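Enquirer: What follows is a protein structure lacking sequence information:
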Ligand code: AMP
């Protein structure tokens, strides 16, 4: 589902559901689209059959929240965490700067994600307005509820956390992906995350100020090794179902988290 107001994208959502749940799911998506403060003047729904498409199953990424308050501290810690995944400080800072000023050439939010060279910060996506939209991911029966309960035990009850976790889980296994950085464009939702197949889903309570409607996603890859065809085939075409929850760890201090990374992996990229 993609909803827009005067040509400006305001909300979107995806899912994979059994055929007997399609009608109910469409109903949920429409309520979501209409629930936005600015009622959309266009809602586009696209429904594909996955008959005959092979479905890959993944375990949800492990989730940890870093105990931090404020946007500045959150962004600084996100940059540091990204350097442990292989992203340079320069590329991480560039992604933050682009998302915070509106990543589309018009200065609006993009519909999809940027692809950024992890060394230089260069943007690699062909269409900077649309970016890369990851589709065809969802939960096996009952798994979303299981994950929701685990997240709730850690005080994470917002539906956005669950949705972002599903998207980050599919994204983490994209060919050549080094890490993802994201924060929402919802002005009321300030949390964001860094995700990678190695680190899991590392959540920062605040990557922007309350009321800020700028948000976005950046996928970091190595330009030299990036295979765009394989990346797009995976993100757009391959279907992924999350068939088991990951761990939801208690909140940790950033120092504690970084010490553990250093012990496990060595030095960050500068
Ligand atoms: P959201 O977390 O839904 O507020 O989305 C934040 C930003 O991430 C949006 O402004 C888009 O730029 C991007 N985005 C949202 N959904 C997707 C998706 N399915 N695939 C790639 N990027 C997305």
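Expert: Thanks, I have it. Just so we're clear, the structure is a prediction, and the values are computed from it rather than from any experiment.
Enquirer: how far away is the residue nearest to residue 40 when sequence neighbours are not counted from residue 27?
Expert: Nearest non-adjacent residue to residue 40, counting by CB to CB, 6 or more residues apart in numbering: residue 3, 3.7 Å away. In short, each C-beta sits where N, CA and C put it, glycine included. In this view, residue 3 and residue 27 are 15 Å apart by CB to CB, to the nearest Å.
Enquirer: which of those two has more neighbours?
Expert: residue 3 (25 against 10; other CB atoms under 10 Å).
Enquirer: right, and that one touches residue 43 too?
Expert: Yes. Assessed by CB atoms under 8 Å, residue 3 is found in contact with residue 43 at 4.7 Å.
Enquirer: Spell out which residues are contacts of both of those two.
Expert: Shared contacts of residue 3 and residue 43 (CB atoms under 8 Å, 6 or more residues apart in numbering): residue 33.
Enquirer: so what's the residue lying closest to residue 237 once chain neighbours are set aside scoring on pLDDT?
Expert: Spatial nearest neighbour of residue 237, excluding adjacent residues (CB to CB, 6+ apart): residue 136 at 7.0 Å. pLDDT, residue 136: 95.
Enquirer: Get me the contact residues on the protein for the ligand.
Expert: By the rule CB under 6 Å from any ligand atom, the part of the chain lying against the ligand is 12, 14, 109-113, 132-134, 164, 167, 182, 184-186, 215-217.
Enquirer: Restricted to helices, list those.
Expert: Among these, the members falling in helices are 164, 167 (criterion: DSSP state H).
Enquirer: Please indicate which of the residues of the chain next to the ligand are buried?
Expert: Neighbour counting by 16 or more other CB atoms under 10 Å classes 12, 14, 109-113, 132, 134, 164, 167, 182, 184-186, 215-217 among the residues of the chain next to the ligand as buried.
Enquirer: mind listing which of the residues you listed are in strands?
Expert: Residues of these located in strands (DSSP state E): 12, 182, 216-217.
Enquirer: among these, which two are most distant?
Expert: Of all pairs drawn from those, the greatest distance, 13.5 Å, lies between 12 and 182 (CB to CB).
Enquirer: I'd assumed residue 41 was in contact with residue 5.
Expert: Yes. At 5.7 Å, residue 5 counts as touching residue 41 under the criterion of CB under 8 Å.
Enquirer: the more surrounded of these two?
Expert: Legend: neighbour count by other CB under 10 Å for residue 5 and residue 41, higher for residue 5 (15 against 12).
Enquirer: Find me the pLDDT at the residue nearest to residue 40, would you?
Expert: 90.
Enquirer: Could you do residue 143 as well?
Expert: On the pLDDT scale, residue 143 is placed at 94.
Enquirer: Just give me the neighbour total for it.
Expert: For residue 143, using other CB under 10 Å, the count is 19.
Enquirer: Sheet partners, orientation included, of the lowest-mean-pLDDT helix or strand in the chain?
Expert: In the chain, no helix or strand scores lower on mean pLDDT, DSSP states H and E than strand 8-12, which sits at a mean of 82. Within its sheet, and counting by DSSP bridges, strand 8-12 is paired with strand 2-5 (antiparallel).
Enquirer: Which residues does the strand it pairs with contact?
Expert: Contacts to strand 2-5, defined as CB under 8 Å, 6+ apart, come from residues 9-12, 33, 36, 38-44, 111.
Enquirer: So residue 23: helix, strand or coil?
Expert: helix (DSSP: H, G, I helix; E, B strand; the rest coil).
Enquirer: shaky segments in the protein?
Expert: Filtered on pLDDT under 70, the chain yields the residue ranges 36-38, 265-270.
Enquirer: rerun that using 90 as the cut-off
Expert: Applying pLDDT under 90 to the chain flags the ranges 2, 4-13, 32-39, 52-54, 111, 141, 158-160, 186, 261-270.
Enquirer: ranges for the helices of it?
Expert: Ranges of helices in the chain, per DSSP H, are 22-34, 71-85, 89-101, 143-153, 159-172, 228-232, 254-265.
Enquirer: next one: the first one to chain centre, how far?
Expert: Averaged C-alpha coordinates place helix 22-34 at 21 Å from its chain's average position (CA atoms, centre = their mean, to the nearest Å).
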